[in-house]
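Peer 1: Sequence and predicted structure below; questions after.
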Amino acid sequence: MKIIQSIDEMQEFSQRARGEGKTIAFVPTMGYLHEGHASLMREGRNRADILVASIFVNPTQFGKGEDFETYPRDMERDSKIAAEAGVDVIFTPTAAEMYPAGYQTYVNVEGLSLPLCGASRPGHFRGVTTVVTKLFNIVRPHTSLFGRKDFQQLAVIRRMTADLNLGVEIVGMPIVREPDGLAMSSRNAYLSSEERQQALCLYKAMRQIAWLYRHGERSAKILRKVAVAEINAKPSAAVDYVELRNSVTLEEVTAADDATLLALAVKIGKTRLIDNCILGEESQDGA
Ligand code: PAF
């Protein structure tokens, strides 16, 4: 496995590979890899001749007072996980090269970036879409894979890729969970053992809503209220949002249906966690 830091070198590598008729799959990450990332990498491995993963903690997607400085970083551990998942190249640029002095160009997806995490974290998606555009221009992938845990991010990136004719196939992959249901996230590393227990309230609230939905409850107001009550029962938990939205437009719904997205963001102590499910899919597996 090769580790490339320079943008020029990465571009030359991709250009050469494309010139030889090879296909490139790409998994962008901020590192501190877990099984969720590894599942994207293994799928990328199956889909293309060359698999590139990036590790870059992107400063432009963090707001003031967020965890950019403390975001967990461990290149040695990440290299091992990436190599085992079949990655050919890790691209790990520096912030100074990605955003040199005088940098002033940003990519913004309008409607889809506004609700949910866009409302709680102003500027976050502008940072994500900017860095993903830059990474696509550097890595020049045919296919790129993203986890559905960041459901809104996936929707925003799909929109951007179509709107800007970027010519990259975007693949969304299922959420990977711990055996007890907690969605895997690099930020789980922040949780104390007590908080780790309480963090299960996101998954429990989702299961409860899916059960109610399966038994005929359709009122978004009632479903939301039940989820909020489940979460608020945990002393370390504070709801950022619990929302039922159309899974394509991300517009609010009053009556839930099979395509409704249930999206949650909850602070457990100082750690902000997100999770989601589509009600029709979740209620099929006996929730
Ligand atoms: O999902 C992430 O880890 C990041 O938002 C991404 C897509 C790598 C952009 O920095």
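Peer 2: Right, received. Where do you want to start? Numbers count the residues shown, from 1 in each chain.

Peer 1: Provide the secondary structure category for the residue lying closest to residue 176 once chain neighbours are set aside.
Peer 2: Among residues not flanking residue 176 along the chain, residue 36 sits closest, at 4.1 Å (Cβ to Cβ, 6 or more residues apart in numbering). Where C-beta positions appear, they are placed from N, C-alpha and C, glycine not excepted. Under DSSP: H, G, I helix; E, B strand; the rest coil, the three-state class of residue 36 is helix.

Peer 1: Check the gap between residue 36 and residue 48 for me.
Peer 2: Residue 36 is 20 Å from residue 48, where distance means Cβ to Cβ, to the nearest Å.

Peer 1: how many neighbours does the residue in the stretch 51-200 of the chain that the ligand sits nearest to have?
Peer 2: Proximity of the stretch 51-200 of the chain to the ligand (Cβ to the nearest ligand atom) peaks at residue 58, 4.0 Å away. Neighbour count for residue 58, taken as other Cβ atoms under 10 Å: 22.

Peer 1: Spatially, what comes nearest to it if we skip its sequence neighbours?
Peer 2: Looking at residue 58 with Cβ to Cβ, 6+ apart, the closest residue is residue 131, at 4.4 Å.

Peer 1: tell me which element the one you found falls in.
Peer 2: Element membership for residue 131, per DSSP states H and E: helix 124-139.

Peer 1: Just name whatever secondary elements that helix is in contact with.
Peer 2: Counting contacts by 3 or more Cβ pairs under 8 Å, 6 or more residues apart in numbering; DSSP states H and E, helix 124-139 is packed against helix 7-19, strand 24-29, strand 50-55, strand 89-91, helix 117-120, helix 151-163.

Peer 1: how does it look with 10 Å?
Peer 2: helix 7-19, strand 24-29, strand 50-55, strand 89-91, helix 95-98, helix 117-120, strand 143-147, helix 151-163 (3 or more Cβ pairs under 10 Å, 6 or more residues apart in numbering; DSSP states H and E).
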